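**Student:** what follows is a predicted structure for the sequence shown.
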Amino acid sequence: VVTFTTLINGFCVEGNLVQAIRLLEHTEKVGYQSDIRTFGVIINGLCSIGDTTAAISCLRKLEERIWKANVVVYSMIINSLCKDGLVSEALGLCSEMTSKGIQPNVVTYSCLIQGLCNSCRWKEASALLNEMRQRGVMLDVTTFNILADALSKEGMIVGAKSIIGFMIQMGEKPDVFTYNSLIDGYCLQNQMNEATKVFHLMVSQGSLPDMVTYSSLIHGWCKVRNIDNAMHLLDEMVSKGFIPDVVTWTTLIGGLCQVGRTLAAKELF
RNA sequence: UGAAGUUGGUCUACC
């Protein structure tokens, strides 16, 4: 079953659900009993190709057929609904699982909180944070990162920073996601000096900047029409061994065009 | 030995 599940997951990762399901049927035909994890990879595959409806019917079949769904499959679907903007449906599924005796965990809550933040349903998001606390579900790095990112995107950098302070108090170390969200938040506000400070801070704290860090900063500098600093960062990332990707290039080419340096843009192209 | 959550650009469509 483990071998088959691994193979089925391979097809799912490729987005080849037809092969994945064919292999699931084959698995059962040759006498192996697929289990909850096997269904998990199929449900996850359906979610990642954007077919949440099919994922839900898969969950229903699973509930009829086998023992019991678990928190992982519910969380996958809850996440997918949130990504589709169907946050109320996701909350409904969360109540449903709870009433079936399946307790939401930190992943479930994190998906819902992110969905609520993305829909600007702040009050409900903070209600869920309270619920987590009451039920003794600890926030982890990802939950903190979701909050810091949501606040940064809303321009509430002060709030994002206090979340980061709180996560440190709680013994979670900010990581490259945390710093990248904060940097992007400053870039959105055109506060490039502050963004640069965070860049230096992350280095001093031992988080290595990655492609996203550089691309965000390059985008920020282009936005304030300081192409020289953007180009400087391009050189720096290349010297650190990063290969700029299509995001980096489109950002820079767009930036050069905006300031009228179309020849230089063409050269980069 | 197998399944779930967090960060960057552009363009297009709709409102």
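**Tutor:** Nice, I can see it.

**Student:** three-state assignment of whatever residue of chain A ends up closest to RNA strand B?
**Tutor:** Minimum separation of chain A from RNA strand B (Cβ to the nearest atom of the strand) falls at A:G40, amounting to 2.3 Å. Every residue, glycine included, has its C-beta placed from N, CA and C. Assigned state for A:G40: helix (three-state reduction, DSSP: H, G, I helix; E, B strand; the rest coil).

**Student:** up against RNA strand B, what does the stretch 1-150 of chain A have?
**Tutor:** Residues of the stretch 1-150 of chain A found near RNA strand B (Cβ under 7 Å from any atom of the strand) are A:1-3, A:5-6, A:9, A:34-38, A:40-41, A:44, A:70-73, A:75-76, A:79, A:105-108, A:110-111, A:114, A:140-143, A:145-146, A:149.

**Student:** are any of those buried, and which?
**Tutor:** Neighbour-count burial (16 or more other Cβ atoms under 10 Å) applied to these gives A:5, A:9, A:34, A:37-38, A:40-41, A:44, A:72-73, A:75-76, A:79, A:107-108, A:110-111, A:114, A:142-143, A:145-146, A:149.

**Student:** how about the most centrally placed residue in chain A, nearest residue that isn't a chain neighbour?
**Tutor:** The residue lying closest to the centre of chain A (Cα atoms, centre = their mean) is A:I146, at 8.0 Å. Sequence neighbours aside, A:Q114 is the residue nearest to A:I146 in space, at 4.7 Å (criterion: Cβ to Cβ, 6 or more residues apart in numbering).

**Student:** which residues does the one you found contact?
**Tutor:** A:82, A:146, A:150 (Cβ atoms under 8 Å, 6 or more residues apart in numbering).
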